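Asker: predicted coordinates and the sequence they were generated for:
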Amino acid sequence: MRVLVVEDEEQMADAIARGLRLHAMAVDVAYDGQEALERASYVDYDVVVLDRDLPEVHGDEVCASLNGSTRVLMLTAAGQVRDRVQGLGLGADDYLAKPFVFAELVARVRTLGRRTVRDVPVLVERRGIVLDPARRTVLRGPREIVLNRKEFDLLRVLMEASGSLVSSADLRRRVWDEFAVESGVLRVTMTSLRRKLGAPAVIENEPGKGYRL
């Protein structure tokens, strides 16, 4: 498994890297967001352990810029539910508050690594929207729509359902795995996705049931 540790506290970053290497993982380290983006531009990492508060380029921007096959474990000093919802809504796959038990970090990295998928299907077209899973791009007519990782994954699930209703629980499970237990994560991401897609609205909500395209 190939892992990138992004943490501006160099002692902590190096300690995490050493520990992961002892568990037979190939680990690179970046001490700021710009270095992380540069490394991720030429290496396909399975998992990125990403501190949210980074210099140069903020962790939120790094998370949104990573390719869709890379899983993100976000680290932050904040441990409130609101912070977890916000972090997951930005595109992270899992969230771990500092201070953490190292054994838990290892377990979460391994779990995310098992869920890394490299294969991508062909273009998906629905309701005038064209989604390219390989390039992670979305077009609505001539307009390109810039989505973060989770907005893209959410739209992809809805488009692949071909107009069928997808329950809220199923969306959370398929987009965030089992880690996104708070329903607020889905609401925040869905609101942002609808806004970016613009008018006329194409995502329909059946309260208490789910969503369909």
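Answerer: Looks like it came in fine. Please read these numbers as outputs of a predicted model, since none were measured by experiment.

Asker: wait, a strand at residue 74?
Answerer: Yes - applying DSSP: H, G, I helix; E, B strand; the rest coil, one finds residue 74 inside a strand.

Asker: how about the nearest residue in space to it that is not next to it in sequence, secondary structure?
Answerer: Nearest residue to residue 74, sequence neighbours excluded (CB to CB, 6 or more residues apart in numbering): residue 92, at 4.0 Å. Where C-beta positions appear, they are placed from N, C-alpha and C, glycine not excepted. Secondary structure state of residue 92, per three-state DSSP, is coil.

Asker: by mean pLDDT, point me to the weakest helix or strand of this structure.
Answerer: Using mean pLDDT, DSSP states H and E, the weakest-scoring helix or strand in the chain turns out to be helix 81-89, at a mean of 64.

Asker: helices or strands up against the following helix or strand past it?
Answerer: Note on helix 81-89: by DSSP states H and E, the next helix or strand toward the C-terminus is strand 94-97. Under the contact criterion of 3 or more CB pairs under 8 Å, 6 or more residues apart in numbering; DSSP states H and E, strand 94-97 touches strand 71-76, helix 81-89, helix 102-114.

Asker: what strands line up against strand 94-97, and which way round?
Answerer: strand 71-76 (parallel) (DSSP bridges).

Asker: need the contact partners of the strand it pairs with.
Answerer: Contacts with strand 71-76, where a contact means CB atoms under 8 Å, 6 or more residues apart in numbering, come from 7, 46-53, 59, 63, 66, 83, 87-88, 90-98, 100, 105, 108-109, 112-113, 115-116, 149.
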